[in-house]
Structure formats: structure tokens, C-alpha cells
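# Here is a sequence together with a model predicted from it:
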Amino acid sequence: MNRIIPVVIAIIHHEDKFLLTLRKNEDEEDKEFGGRPLWHFPGGALEFGEKIEDALIREIKEETTLSIKIEKQTPRIFSAVRKYWHGLLIPHVCSIIGNNDVHLDHESLDYGWFTLDEIRRLSTLPFVGEMAEDAQKLLE
């Protein structure tokens with residue numbers, strides 16, 4: 001079944017670096033990426049009736065155990081289409097509240113803190129570089 005899903009994305013910055021997680025490619029549609037894990041910003045689908053900000057805070061807590069402060073929405077929303085899935089990616093620049101110890105859930109293999117230049121050299125899901133560039137501009 002074809003679906004359009006709003007997806008909230010957290011571009012979490014700390015000490016001039018951005019948090020990326022290494023996604024486990026478990027979805028059938030991930031095969032288009034060659035079956036290898038790719039880096040991406042954490043986030044997830046908006047649930048019915050949920051506010052965007054609440055979804056973002058919930059998803060980041062679930063995926064990383066971090067508490068975040070949403071600072072700004074980036075100027076662009078991205079549209080990613082796979083076989084049966086159409087995601088509207090809504091990125092927000094965020095900072096950490098309190099402890100910055102990351103504990104990943106079952107969706108990710110690893111995490112790392114990367115500069116914009118380092119992100120450009122990683123194997124990532126589509127739009128990660130553009131999202132990081134938008135965030136960097138907002139932070140300058």
C-alpha cells in the first residue's frame with residue numbers, strides 16, 4: 001500500500017558537531033541502498049494527532065535516550081520516495097538538555113558526532129548532507 005508519512009528529523013548539535021546514527025537496514029525498501037548500513041539523523045514518523053514538536057522529542061528519547069530542545073525548523077522540507085513509501089522529512093535544529101550520553105535503541109548499530117565536512121564524506125541516506133548544511137547556516 002502506498003503511503004505518505006510525515007517524518008520529523010532532529011539535527012542535534014553539540015560542540016560544533018552533529019549527531020548521526022548508523023541505521024540498521026531492516027525494511028524491505030532499504031534494499032535499494034545495497035543492504036549496507038547508512039548514517040542518518042535520528043527521527044521518525046508523526047503519529048496521528050501528535051504535534052510535530054512532541055513527536056520529535058518522543059522519537060529522540062526512544063532512539064537515543066537524549067532529551068532535546070527544539071531550536072528552529074530548517075528552511076526546507078525534503079521529499080523521499082521509495083517503492084511504497086513517501087516520506088515528507090521535516091528537519092529541526094536541536095540541542096541537548098542535560099546529559100549527552102547516547103544509548104541507542106534497536107534501530108541503530110552505532111552513533112557518532114560529525115562535523116559538516118565529515119558528514120559530506122560518509123555513506124548516508126539521501127538529504128543528510130543538505131540537512132546538515134541548512135542547520136549549519138542557521139547556527140552561524
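Here it is on my side, so go on.
# Would you mind listing the buried residues in stretch 52-62?
Neighbour-count burial for stretch 52-62 flags 55-57, 59-60 (criterion: 16 or more other CB atoms under 10 Å). Yep, even glycine has a C-beta here, placed from its N, CA and C like the rest.
# got the contact list for it?
Outside stretch 52-62, the residues within contact range by CB atoms under 8 Å, 6 or more residues apart in numbering are 6, 8-10, 12, 42-47, 50, 66-68, 70, 90, 92, 94, 105.
# would you list every one of the helices in the chain?
Using DSSP state H, the helices of the chain run over residues 52-64, 116-120, 128-139.
# could you redo these as JSON lines and give each row distance to K17?
Below are the helices of the chain laid out as JSON lines (distance: least, CB to CB, whole Å):
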{"stretch": "helix 52-64", "distance to K17": "15"}
{"stretch": "helix 116-120", "distance to K17": "8"}
{"stretch": "helix 128-139", "distance to K17": "10"}
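# Can you lay out those helices as CSV showing distance to T74 and mean pLDDT?
Formatted as CSV, those follow (distance: least, CB to CB, whole Å; pLDDT from 0 to 100):
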stretch, distance to T74, mean pLDDT
helix 52-64, 12, 98
helix 116-120, 14, 97
helix 128-139, 4, 98
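# Around R36, count how many other residues there are.
9 (other CB atoms under 10 Å).
# So it is in contact with L122, correct?
No: using CB atoms under 8 Å, R36 is not in contact with L122; the gap is 11.9 Å.
# if I look at V81, how far off is H103?
32 Å (CB to CB, to the nearest Å).
# swap in M131?
Here the criterion is CB to CB. By it, M131 lies 23 Å from H103.
# So which of those two has more stuff around it?
Remark: of M131 and H103, M131 carries more neighbours, 25 against 9, as counted by other CB under 10 Å.
# which ones are touching the more buried one?
Going by CB under 8 Å, 6+ apart, the list of residues near M131 reads 9, 11, 41, 74, 78, 89, 91.
# Nearest residue to the third one in space, please, no chain neighbours.
This means F41. In space, and not counting its chain neighbours, F41 is closest to I9: 4.9 Å by CB to CB, 6 or more residues apart in numbering.
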